[in-house]
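Participant: What shape does this take:
(chains A and B)
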Protein chains: 2
Amino acid sequence: MQRAAALVRRGCCPRTPGPWGRCQSSAAAEAPAVLKVRPERSRRERILTLESMNPQVKAVEYAVRGPIVLKAGEIELELQRGIKKPFTEVIRANIGDAQAMGQQPITFLRQVMALCTYPNLLDSPSFPEDAKRRARRILQACGGNSLGSYSASQGVNCIREDVAAYITRRDGGIPADPDNIYLTTGASDGITTILKILVSGGGKSRTGVMIPIPQYPLYSAVISELDAVQVNYYLDEENCWALNVEELRRALREARGHCDPKVLCIINPGNPTGQVQSRKCIEDVIHFAWEEKLFLLADEVYQDNVHSPDCSFHSFKKVLSEMGPEYSGNVELASFHSTSKGYMGECGYRGGYMEVINLHPEIKGQLVKLLSVRLCPPVSGQAAMDIVVNPPVPGEESFEQFTREKESVLSNLAKKAKLTEDLFNQVPGIHCNPLQGALYAFPRIFIPPKAVEAAQARDMAPDMFYCMKLLEETGICVVPGSGFGQREGTYHFRMTILPPVEKLKMVLQKVRDFHVQFLETYS
Amino acid sequence: MQRAAALVRRGCCPRTPGPWGRCQSSAAAEAPAVLKVRPERSRRERILTLESMNPQVKAVEYAVRGPIVLKAGEIELELQRGIKKPFTEVIRANIGDAQAMGQQPITFLRQVMALCTYPNLLDSPSFPEDAKRRARRILQACGGNSLGSYSASQGVNCIREDVAAYITRRDGGIPADPDNIYLTTGASDGITTILKILVSGGGKSRTGVMIPIPQYPLYSAVISELDAVQVNYYLDEENCWALNVEELRRALREARGHCDPKVLCIINPGNPTGQVQSRKCIEDVIHFAWEEKLFLLADEVYQDNVHSPDCSFHSFKKVLSEMGPEYSGNVELASFHSTSKGYMGECGYRGGYMEVINLHPEIKGQLVKLLSVRLCPPVSGQAAMDIVVNPPVPGEESFEQFTREKESVLSNLAKKAKLTEDLFNQVPGIHCNPLQGALYAFPRIFIPPKAVEAAQARDMAPDMFYCMKLLEETGICVVPGSGFGQREGTYHFRMTILPPVEKLKMVLQKVRDFHVQFLETYS
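Facilitator: Sure thing, here's the model as predicted:
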């Protein structure tokens, strides 16, 4: 249980001490600093200290909001206080937060939400009838016809029905059962819940959870928190970050010596890597999970974000269903979606769902029980999810405007994906795989040996050193690859492509100029 | 870690098998039943079974949405299908869900929320200026001026400032620091987060968490999930459910033999017990926590719900601050509030906050890190919390209507609290302490020995047996005392006082008639 000793020091700045990965030798060693701050009175020793706290929580790291983002906040405060910098604003390209980057909400979605929030508006002529129909239907399914009531722990019934209908349409008619749908507080909540119920054992029988490297750090954080074992499989950077079943096999074989691997997590389209898996690859993965008796977690929150005309999104559920009853009746699969990404970018509402199939009926009861302890996901987020899965259809009043807004977001993203790939690949020492899907570039950067030395002298991962310099010199905030995991000796960063086109061009040019300068300085 | 064997069988109906407390001998024993259901194909053994799942999750119980509520759902379906019952509707008095019981949302709150949701309405003349001011202020503090952006993990800055100002006003000028405020997804999320960070150790050094009995079962559920040790202290039913420090001392002394008690949880006003603690009692508890080095968790979500004219709400923060620097500078305290209770009853938005004082600076960093993994609480819930702590003030356009609506809810609750107490105490074999605060009655019921035998023959707790009969015969859904904990040999149930006055009268009369009949049947 005591894994404090295993705390790694990667990716951390010694001038931003704290919980983001810096190795803390002991709480006692830090105590005098606190006493120094408050010399006026002797403070009793606290109950909750770094030494006494939950060691699994201490072991958690989460780079997307880590030291680089704290630093960005500090710089913003300095700018506000009038301190001169070589730039006038911090650009937060560290997180997939579309509306914070200026993307406008989808009008129809917000209209329905406003009607649900303040039903007096149902009498207003300034709202379209199709929005009112949606709002009335949602409200009728809510206790007291109000978003202010708790919903069932699994989510509002009619919304789960709409999700099931959406999945059925998406998967070309393969049916989804509303009873297998669970509404969640964003996808993170669903992923955490499923992992929580799956994890068990101690010592060599601790549950192993296979995750891609690079990964989205929610996975490593939850695995730490649950005291499970992270089993890394590496995506193939030379091959557009493809998932290779041979590599899954290697990772599993090596893990079986020291833990009990039970779960295989897939992120498709990839975060941070942006690849879109082929149908064949998904089939291979499902066969592997079937063969090796692994529970599949398919993180499909970027299912609407496929930019490359050569790629299509194939859901794990659909492929599984088409592989015949031996698979479709046996492989346990949880698939996740949310309101945060896609074309709607409604991160703040924390809406999401998961579809869980082939779950043991007794486990289904356990899952609902676990969800019921937190009562229900935010009902406003559930309503937002409903609009995402039940948008205007041809013939409805709002269809045209909705389609225009949606297509505008998606075509812009496709344009920005191509722009980013092209521009990065023109810079010596940067290589960027095609951004087939999702919202990020994850370019590989060459860091000269002298810069690696300089970083090590500061007790920092080399790409953290690079990203800190980038932030300090240009105001651009990106996340070092070490926060997602990468092959030893390779360096990357993750940057969103969400800024508006002209701003994104400016960002890319600044990164290029910085990189060229960086290579010169450390050559 | 393996606590499956400790699964208790209290409070559970054998005809609703599942996760709510029924003792499951092994997954293997259940497997044939599954095969019987699907005889058409041989199903492979599943990966996730009762045997392989997280044993701590299996040990979780949550009575408020337990078997009685599942049964209520079944009965509702039967009524819909036209099956005749001695009643025409199920009355869900099991949960504090005001708006589901017909309470209308506070107009001002929903106006601000609608404006934030759909900012086009800021131009509409049908919304008051003070609501528009609030909405503009919230939106200006959001990324991209939108509720659809992620907020900081700790919550939107200006909302945390408003919470701090509210606490300062509430506590007669004792200042609160916005930096100590964390917005949460309802209070449950905050309580879970703080307990998660506090829990550590194995064997005899497992963290002990002191909770009142009767308790709100979130506490026992989270303690199970975190594999901590539940340390019960009993409230004094003979003395209006008072908290007695001698009893705290006894519980602590006995616990110290087998775990490491580090946390003391208080619910004030009490849930399910409805008592409001005196200032003197709070002082005693704080002194005890200081003396015994316990981290204090003060669940104060019913702070606006004090019905008895002889009682006042005193916050732990205020009393602590007034006890002098030895206490105010040392005792670690987390206090919780939410949008769900009070006069607003906005459960569905899942808004809440916690104020945490005297936290070690390094732990503060750890807490923010842990929160950041889930990105942020729902921003719409944060906005709802803002209106609760920043309502219209005298001179503002909406002040009068807001005050009228608020007072109407609160005076009605006070009336219903008195009505409930009086009526229950007229029934032979029911004793009900005064409902000084919160939203529930928790009457003690006499269950005759013959009924106890009948319950035991059905493998049910006697009060579960009673509540199931009440539900089946009257349609009234309440939660048995065994779900909250009670002294051995005593029986209770929890019922909300949220139905409108006339309906509540009808409910109380039905309970009375049922009880009299029950006593006759089993005498």
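Participant: Verify the stated contact: A:Asn305 with A:Tyr440.
Facilitator: No: counting by Cβ atoms under 8 Å, A:Asn305 does not reach A:Tyr440; the two are 9.8 Å apart. For every residue, glycine as well, the C-beta is placed using N, CA and C.
Participant: Between the two, which has more neighbouring residues?
Facilitator: A:Tyr440 (31 against 27; other Cβ atoms under 10 Å in any protein chain shown).
Participant: ok, now which ones touch the more buried one?
Facilitator: Counting by Cβ atoms under 8 Å, 6 or more residues apart in numbering or on different chains, A:Tyr440 touches A:96, A:271-274, A:494-497.
Participant: Quick check: A:Met468 vs chain B, distance?
Facilitator: Using Cβ to the nearest Cβ, to the nearest Å, we find A:Met468 at a distance of 18 Å from chain B.
Participant: burial of that residue, as a residue count?
Facilitator: 21.
Participant: and the helix or strand hosting it, what does it pack onto?
Facilitator: Assigned by DSSP states H and E, A:Met468 belongs to helix A:462-474. In terms of contacts (3 or more Cβ pairs under 8 Å, 6 or more residues apart in numbering or on different chains; DSSP states H and E), helix A:462-474 is packed against helix A:67-80, helix A:449-457, strand A:479-480, strand A:493-496, helix A:501-521.
Participant: So what's the predicted local confidence for the spatially closest residue to A:Val511 that is not a sequence neighbour?
Facilitator: Nearest non-adjacent residue to A:Val511, counting by Cβ to Cβ, 6 or more residues apart in numbering or on different chains: A:Ile476, 6.5 Å away. We have a pLDDT of 96 for A:Ile476.
Participant: swap in A:Ala63?
Facilitator: Listed pLDDT for A:Ala63 reads 71.
Participant: Assess the claim that A:Lys196 and A:Leu371 are in contact.
Facilitator: No: taking Cβ under 8 Å as the definition, A:Lys196 is not a contact partner of A:Leu371, at 10.6 Å.
Participant: measure the residue nearest to A:Lys132 when sequence neighbours are not counted to chain B for me?
Facilitator: Leaving aside its sequence neighbours, A:Lys132 sits nearest to A:Leu122 (Cβ to Cβ, 6+ apart; 5.6 Å). A:Leu122 sits 12 Å away from chain B, going by Cβ to the nearest Cβ.
Participant: Name the SS class of A:Leu122, please.
Facilitator: helix (DSSP: H, G, I helix; E, B strand; the rest coil).
Participant: and it, what is it in contact with?
Facilitator: Contacts of A:Leu122 by Cβ under 8 Å, 6+ apart are A:115, A:132, A:135-136.
Participant: How many residues are close by the residue of the stretch 101-250 of chain A found nearest chain B?
Facilitator: Chain B sits closest to A:Gly143 of the stretch 101-250 of chain A, with a gap of 3.1 Å, by Cβ to the nearest Cβ. Other residues near A:Gly143 come to 23 when the count uses other Cβ under 10 Å.
Participant: quick one, phi/psi of it?
Facilitator: Main-chain torsions, A:Gly143, degrees, to the nearest 10: phi -60, psi 130.
Participant: Hmm, it is touching A:Asn157, no?
Facilitator: No: contact between A:Gly143 and A:Asn157 fails when scored by Cβ under 8 Å: they sit 11.3 Å apart.
Participant: The nearest residue to A:Asn390 once chain neighbours are set aside is in what secondary structure piece?
Facilitator: Spatial nearest neighbour of A:Asn390, excluding adjacent residues (Cβ to Cβ, 6+ apart): A:Asp162 at 4.4 Å. When elements are assigned from DSSP H and E, A:Asp162 belongs to helix A:157-170.
Participant: So for the helix or strand just after that helix, mean pLDDT?
Facilitator: The first helix or strand that comes after helix A:157-170 along the chain, using DSSP H and E, is strand A:181-185. Strand A:181-185 shows an average pLDDT of 97 in the prediction.
Participant: what do you get for stretch A:116-129?
Facilitator: The predicted model assigns stretch A:116-129 a mean pLDDT of 97.
Participant: Now do the end-to-end distance for that stretch.
Facilitator: By Cα to Cα, to the nearest Å, the extent of stretch A:116-129 from end to end equals 13 Å.
Participant: Can you give me the buried ones in the helix holding A:Met468?
Facilitator: Within helix A:462-474, the residues that count as buried by 16 or more other Cβ atoms under 10 Å in any protein chain shown are A:462-471, A:473-474.
Participant: show me the contacts for A:Pro434.
Facilitator: A:Pro434 sits in contact with A:240, A:274, A:308, A:417, A:421, where contact means Cβ under 8 Å, 6+ apart.
Participant: Quick check, the first one in contact with A:Gln436.
Facilitator: Yes: between A:Cys240 and A:Gln436 there is a contact under Cβ under 8 Å: 7.3 Å.
Participant: tell me the domain ranges of chain A?
Facilitator: Domain ranges of chain A: A:63-102+A:405-521, A:179-374, per automatic domain parsing.
Participant: so of those, which one's packed in deepest?
Facilitator: Among these, judged by mean count of other Cβ atoms under 10 Å in any protein chain shown, the one packed with the most neighbours on average is domain A:179-374 (a mean of 22).
Participant: now that domain, how far from the centre of its chain.
Facilitator: 12 Å (Cα atoms, centre = their mean, to the nearest Å).
Participant: In three-state terms, how would the spatially most central residue of chain A be classified?
Facilitator: Note on chain A: the residue nearest the mean C-alpha position is A:Tyr216, at 5.5 Å, using Cα atoms, centre = their mean. Per three-state DSSP, the local secondary structure of A:Tyr216 is coil.
Participant: right, and it touches A:Gly485 too?
Facilitator: No: contact criterion Cβ under 8 Å: A:Tyr216 and A:Gly485 do not qualify, at 10.0 Å.
Participant: Overlap of the contact sets of those two?
Facilitator: Taking Cβ under 8 Å, 6+ apart as the contact rule, A:Tyr216 and A:Gly485 touch no residue in common.
Participant: what about the strands in the stretch 201-350 of chain A?
Facilitator: Applying DSSP state E, counting those that start in this stretch to the stretch 201-350 of chain A gives strands spanning A:207-213, A:229-234, A:260-267, A:295-299, A:333-338.
Participant: Next up, the contacts around the nearest residue to A:Gly381 once chain neighbours are set aside.
Facilitator: Spatial nearest neighbour of A:Gly381, excluding adjacent residues (Cβ to Cβ, 6+ apart): A:Gly351 at 3.5 Å. Under the criterion of Cβ under 8 Å, 6+ apart, the contact list for A:Gly351 reads A:183, A:186, A:338-340, A:377-378, A:380-385, A:388.
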